[in-house]
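1. 3D model of this:
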Amino acid sequence: MTHFSAVTPTPPAPTADSLHLADLRKSYERAALDETASHADPLQQFLQWLQEAIDGGIPEPTAMTLATVDARLRPSSRVVLLKGCDARGLAWYTNYDSRKGRELAGNPYAALQFHWVELERVVRIEGRVEKTSDAESDAYFQSRPLGSRIGAWASPQSQVVAGRQVLEERAARAQAELGDQPPRPPHWGGYRLAPDSWEFWQGRRSRLHDRLHYRHGSGTGADWVRERLAP
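-> Below is the predicted model of the structure:
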């Protein structure tokens with residue numbers, strides 16, 4: 001007797017029509033954002049929302065999209081993790097030779113965006129970017145797990161590699177050469193964006209979302225002007 005194994009047919013690849021993208025909708029009804037209930041200082045408003053995202057168990061609450069522009073004015077974006085936030089700005093750490101590093105070297109202005117889906121909130125931030133001090137970069141680098149410190153040496157970030165094995169071999173060599181206390185690579189460190197514009201977005205019913213925008217006033221002081229934007 002001949003036995004035939006069952007062959008499971010490959011399902012057709014989805015298309016935009018089969019996904020019914022135009023029919024996907026959500027009503028935003030969790031909260032509101034009112035001028036009288038928000039902070040006059042956007043940093044304090046951001047820290048409040050960030051704390052609520054952390055307390056709410058939001059996955060990766062410090063994940064933020066970083067958008068930069070190259071010399072041809074072509075934008076690019078990627079997700080990085082917020083590692084510092086104070087009156088000076090918002091900081092993250094990366095490879096200075098990466099695509100974002102090269103683009104920031106040519107154009108030091110960038111935009112950040114946080115999207116806390118479960119809270120129906122978005123924060124958008126724009127401003128000028130500078131490198132953090134060597135001392136700050138050294139301190140953060142030494143706080144990272146050993147594997148991440150070795151990875152900073154091993155990965156030629158944003159460059160083409162022949163395969164994963166190349167990265168693993170480079171990591172093994174770096175581990176053998178540098179041991180358990182690798183110094184910070186000269187091509188790796190922090191950036192800090194000093195905001196000149198903040199926007200806080202709270203989803204609302206019927207797409208009449210709340211959008212509060214903060215910008216520096218026309219005076220010489222550091223006061224912020226808070227204004228409502230139409231959704």
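
2. and the spatially most central residue of the chain, what is it in contact with?
-> The centre of the chain sits closest to residue 64, judged by C-alpha atoms, centre = their mean, with a distance of 2.1 Å. Residue 64 is in contact with 79-82, 90, 92, 112-114, counting by C-beta atoms under 8 Å, 6 or more residues apart in numbering. C-beta: built from backbone N, CA, C; applies to glycine.

3. swap in residue 95?
-> So residue 95 contacts 101, 152, 155, 157-158, 187-188 (C-beta under 8 Å, 6+ apart).

4. contacting residues around residue 149?
-> Each residue near residue 149 by C-beta under 8 Å, 6+ apart is listed here: 141-142, 182, 184.

5. how about a cut-off of 10 Å?
-> 141-143, 174-175, 178, 180-185, 188 (C-beta atoms under 10 Å, 6 or more residues apart in numbering).

6. Now find how far off-centre the lowest-mean-pLDDT helix or strand in the chain is within its chain.
-> In the chain, the helix or strand scored least confidently by mean pLDDT, DSSP states H and E is helix 16-19, which has a mean of 79. Centroid separation for helix 16-19 versus its chain: 29 Å, with C-alpha atoms, centre = their mean, to the nearest Å.

7. cool, stretch 61-70 as well?
-> 4 Å.

8. Pull that stretch out as PDB, backbone CA atoms only.
-> What follows is stretch 61-70, C-alpha atoms only, in PDB (Å, rounded to 0.1, in the frame of the first residue of the first chain):
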ATOM      1  CA  PRO A  61       7.600  52.900  27.400                       C
ATOM      2  CA  THR A  62      10.900  54.600  26.500                       C
ATOM      3  CA  ALA A  63      10.900  53.500  22.900                       C
ATOM      4  CA  MET A  64      10.800  56.500  20.600                       C
ATOM      5  CA  THR A  65      11.000  57.000  16.800                       C
ATOM      6  CA  LEU A  66      13.900  59.200  15.800                       C
ATOM      7  CA  ALA A  67      13.700  61.000  12.500                       C
ATOM      8  CA  THR A  68      16.700  62.500  10.700                       C
ATOM      9  CA  VAL A  69      17.400  64.000   7.200                       C
ATOM     10  CA  ASP A  70      20.300  63.300   5.000                       C
END
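
9. rewinding a little: which of the contacts of residue 95 are buried?
-> 101, 152, 155, 157, 188 (16 or more other C-beta atoms under 10 Å).

10. buried set for the helix or strand where the second one lies?
-> Secondary structure assigned from DSSP states H and E places residue 152 in helix 146-154. When neighbours are counted by 16+ other C-beta under 10 Å, the buried residues of helix 146-154 are found to be 149-154.

11. Sketch out the low-pLDDT regions of this structure for me.
-> 1-7, 219-222 (pLDDT under 70).

12. quick one: the strands in it?
-> 63-69, 75-81, 84-86, 89-95, 109-116, 121-131, 188-202, 210-216, 224-228 (DSSP state E).

13. got the CA coordinates for the longest one in CSV?
-> It refers to strand 188-202. Only the C-alpha atoms of strand 188-202 are listed here, as CSV (Å, rounded to 0.1, in the frame of the first residue of the first chain):
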residue,chain,number,x,y,z
TRP,A,188,29.9,55.1,20.2
GLY,A,189,28.2,57.5,22.6
GLY,A,190,25.2,59.6,23.3
TYR,A,191,23.1,62.3,21.7
ARG,A,192,20.8,64.8,23.3
LEU,A,193,18.0,66.6,21.6
ALA,A,194,17.2,70.0,23.1
PRO,A,195,13.5,70.6,22.4
ASP,A,196,12.2,73.8,20.8
SER,A,197,8.8,72.3,20.1
TRP,A,198,6.6,69.8,21.9
GLU,A,199,3.2,68.4,21.0
PHE,A,200,1.0,66.2,23.2
TRP,A,201,-1.7,64.3,21.4
GLN,A,202,-4.6,62.5,23.3
